[in-house]
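S.K.: Give me a model of this one.
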Amino acid sequence: ESSKRSCLVVSLLATEPSKFDDLGKAILNACNSCLNRQASLQSPVEKDDLAELLRRRLFEQYPESETKRHQHILAFWPRLKAVDPIRARMPDAMERLKKAYPFHPDLLDRFFGKWIGLHQFQRTRGVLQTFAMALRDAEDWDESPLISAQVFLPSPGKDGLSEALQKLAEVAKDSEPEKNPPWPGNLKTELPRALAAQMADAPTLMGREIEASCVATFIYSQPIGEQAELSDLRWQLGATCDMPAVLNNGLCSWAKSSWYLEECEATEAGTGVPKFWRLGPKPNLSQLHDSYKRQALRYAKSKFDELA
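M.R.: Numbering: from 1, shown residues only. This next block holds a predicted model:
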């Protein structure tokens, strides 16, 4: 009271969401009540600022003006138009790409939108850390002109998950403590099935598009219950795809062989590709049928061995 130019700041100095537990919240509430604190919620980084923040923090050089970014986008724009001409005709389609380049604007929107509902995800810090890990690991192999879901894939020929995808899977799992969805294990099972689908029915795709569609579907499926539309996947994958028909074949193949994609009866006329894509935390019927088939084969083999 004796000074008109001083203030008392009370804060919980913890950057990990897990530290902001019930005890921490109780301490802050007690301090707020005691100090009669009044304030409005403010974010140091808004959604429209995210792309510029990532560019400045992750790259030494990048096209700063939208005019220069437009020149880069024109190099892969025909692929996007071929993959999803309806999306390409939307008035803001090109403008959104220019503002976010080299990042995919839909991916940034997803992390800064739906993923905020995951209480273990750290918003701006989480996005920055995740992309930093992903770009470091993907630098040696990723040739896509756009930073999209493919950067979260492990290096070609490497089993398991990349460090960035492992972190995202752990965040999604830990954010649902009551359900405890086993996302890390599910993705380790699902990614090889997506790769097998691409090798079998879309071998001419050079951008690991079907594997990337698995990652994109996982990202769009958070929090649990969310989903991606077919247009979302195509727009995520289109920057490297020269053959939309082959992409459709690969997506159909993965949908049939997947163990964690939820069944979708609605399909696109003419292609048969499912219109909606959601990875569930529990196995689907394909996994159950495969499990029963393997059990039956083991049982039959044991009986034949007894007869022999």
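S.K.: Tell me the confidence at residue 1?
M.R.: Residue 1 carries a pLDDT score of 55 in this model.
S.K.: was I right about residue 165 contacting residue 151?
M.R.: No: proximity of residue 165 to residue 151 does not meet the contact threshold set by C-beta atoms under 8 Å, at 9.4 Å. Glycine gets a C-beta too; all of them are placed from N, C-alpha and C.
S.K.: Overlap in contacts, these two.
M.R.: Where contact means C-beta atoms under 8 Å, 6 or more residues apart in numbering, the residues bridging residue 165 and residue 151 through contact with each are residue 134.
S.K.: ok, now how distant is residue 28 from residue 123?
M.R.: Residue 28 sits 18 Å away from residue 123 when distances are taken as C-beta to C-beta, to the nearest Å.
S.K.: ugh, wrong one, I meant residue 169
M.R.: In this structure, residue 169 and residue 123 are separated by 18 Å, where distance is defined by C-beta to C-beta.
S.K.: ok, now residue 231?
M.R.: Here the criterion is C-beta to C-beta. By it, residue 231 lies 26 Å from residue 123.
S.K.: Which residue ranges of the stretch 101-250 of the chain form strands?
M.R.: In chain order, the stretch 101-250 of the chain shows strands spanning 228-229, with DSSP state E, counting those that start in this stretch as the criterion.
S.K.: Can you show me the helices along it?
M.R.: Applying DSSP state H, counting those that start in this stretch to the stretch 101-250 of the chain gives helices spanning 105-111, 124-138, 163-174, 183-201, 209-220, 230-237, 244-257.
S.K.: Let me know which of these is tucked in deepest.
M.R.: Relative to the other members of these, helix 209-220 carries the highest mean neighbour count by mean count of other C-beta atoms under 10 Å, namely a mean of 26.
S.K.: tell me the mean pLDDT over it?
M.R.: Taken as a whole, helix 209-220 carries a mean pLDDT of 98.
S.K.: tell me the average confidence for stretch 71-81?
M.R.: Per-residue scores along stretch 71-81 average to 96.
S.K.: Sorry, wrong one. I was asking about stretch 235-245.
M.R.: Within the predicted structure, the mean pLDDT of stretch 235-245 is 96.
S.K.: got the contact list for that stretch?
M.R.: Contact partners of stretch 235-245, identified using C-beta under 8 Å, 6+ apart, comprise 76, 79-80, 82-84, 87, 104, 106-107, 143-146, 148-150, 204-207, 209, 212-213, 216, 234, 247.
S.K.: Please pick the buried ones from these.
M.R.: Members of the contacts of stretch 235-245 that pass the buried threshold by neighbour count (16 or more other C-beta atoms under 10 Å) are listed as 76, 79-80, 82-84, 87, 104, 106-107, 144-146, 148-150, 205, 207, 209, 212-213, 216, 234, 247.
S.K.: Distance from the chain centre to stretch 84-96, please.
M.R.: The gap between the average C-alpha position of stretch 84-96 and the chain average comes to 21 Å, counting by C-alpha atoms, centre = their mean, to the nearest Å.
S.K.: Span of that stretch from start to end?
M.R.: Start-to-end span of stretch 84-96 (C-alpha to C-alpha, to the nearest Å) is 16 Å.
S.K.: quick revisit: make TSV from the helices of the stretch 101-250 of the chain and add distance to residue 22 to it.
M.R.: Compiled in TSV, the helices of the stretch 101-250 of the chain are given as follows (distance: least, C-beta to C-beta, whole Å):
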stretch	distance to residue 22
helix 105-111	27
helix 124-138	22
helix 163-174	16
helix 183-201	25
helix 209-220	29
helix 230-237	37
helix 244-257	42
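S.K.: Quick one: closest of those to residue 4.
M.R.: In terms of C-beta to C-beta, the element of these nearest to residue 4 is helix 124-138, at 34.2 Å.
S.K.: What mean pLDDT does that closest one get?
M.R.: Per-residue pLDDT over helix 124-138 has a mean of 92.
S.K.: Show the backbone phi and psi for residue 276.
M.R.: phi -130, psi 140 (degrees, to the nearest 10).
S.K.: Could you list which residues are in contact with it?
M.R.: In this structure, residue 276 makes contact with 227, 228, 229, 230, 264, 266, judged by C-beta under 8 Å, 6+ apart.
S.K.: ok, the residue lying closest to the fifth one once chain neighbours are set aside - how many residues close by?
M.R.: Meaning residue 264. Taking C-beta to C-beta, 6 or more residues apart in numbering, and ignoring the residues beside it in sequence, residue 264 has residue 274 as its nearest neighbour in space, at 4.0 Å. Residue 274: 23 surrounding residues under other C-beta atoms under 10 Å.
S.K.: in the sheet, who's paired with residue 274?
M.R.: Following DSSP bridges, residue 274 is listed with bridge partners residue 267.
S.K.: Tell me how far it lies from residue 233.
M.R.: 10 Å.
S.K.: what touches both of the two?
M.R.: Residues touching both residue 274 and residue 233 comprise residue 251, with contact defined as C-beta under 8 Å, 6+ apart.
S.K.: No more questions from me, cheers.
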